[in-house]
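[1] heads up, no residue letters with this:
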């Protein structure tokens, strides 16, 4: 039997930005980020300044994700104090590391030319976005540890496992196609993007099978 996770009140159900929850805004953020990356990679948009200006769109959507998540947590804190605390810490950590990631990527665009600075400086700057992504992974791990509700913790672990399956499956299939010269080369950091997309897939699966999106 599924453990009781509380009654969803009207304020909880409507919590979000413009009546939409964090999952909706997360989907738009991911879609806009992928679209921007593809446009930049294919040369459809050129120039560092243009890319940075267009990056304001996913940045605004990210702000909506964080705000919707905060409102959702506040709406639930009345009856689920421990869950609210774990969720609040998780949202703050993700917000910090995501902001650092965006800053690091913007900073990295100024060092895309080999002659733009010393190699050590370019190495450290190029390392920052990856460290920020690792920080998001750490935040999800801490959520699993700090979540007191065993059912919600199970959903978060399940969601993470589905995300891992999605990312590794995509990397494996694309890697073999690439080795056969059937598809173009894709940088390895897209595996992390596939993993975050897998979190959305995992949340949808949780919703279908258990009636709730989970925690992450």
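    Yep, it's here. Because the structure is predicted, anything quoted here is derived from the model rather than measured. Numbers count the residues shown, from 1 in each chain.

[2] drop to CA atoms for contacts and neighbour counts, all remaining ones
    Will do.

[3] give me the distance between residue 104 and residue 130.
    9 Å (Cα to Cα, to the nearest Å).

[4] also residue 158?
    Counting by Cα to Cα, the gap from residue 158 to residue 130 is 24 Å.

[5] higher neighbour count, those two?
    More crowded of residue 158 and residue 130, by other Cα atoms under 10 Å: residue 158, with 18 against 15.

[6] centre of the chain to the helix or strand that contains that one, how far?
    In this assignment (DSSP states H and E), residue 158 forms part of helix 150-179. Offset of helix 150-179 from its chain centre (Cα atoms, centre = their mean, to the nearest Å): 14 Å.

[7] buried set for it?
    151-153, 155-168, 171, 174-175 (16 or more other Cα atoms under 10 Å).

[8] in three-state terms, label residue 187 for me.
    The three-state label given to residue 187 by DSSP: H, G, I helix; E, B strand; the rest coil is coil.

[9] can you pull the pLDDT of it?
    With respect to pLDDT, residue 187 has a value of 84.

[10] so who does it touch?
    Contacts here follow Cα atoms under 8 Å, 6 or more residues apart in numbering; on that basis residue 187 touches nothing.

[11] could you find the closest non-adjacent residue to residue 160?
    Leaving aside its sequence neighbours, residue 160 sits nearest to residue 199 (Cα to Cα, 6 or more residues apart in numbering; 6.3 Å).

[12] so how many other residues sit close to the one you found?
    For residue 199, the count of nearby residues is 22 (other Cα under 10 Å).

[13] just the element for it, please.
    With DSSP H and E as the criterion, residue 199 is inside helix 190-210.

[14] would you mind listing the buried residues in that helix?
    By 16+ other Cα under 10 Å, the buried positions in helix 190-210 come out as 191-192, 194-206.

[15] summarise which helices and strands that helix is packed against.
    With contacts taken as 3 or more Cα pairs under 8 Å, 6 or more residues apart in numbering; DSSP states H and E, helix 190-210 sits against helix 22-42, helix 150-179.
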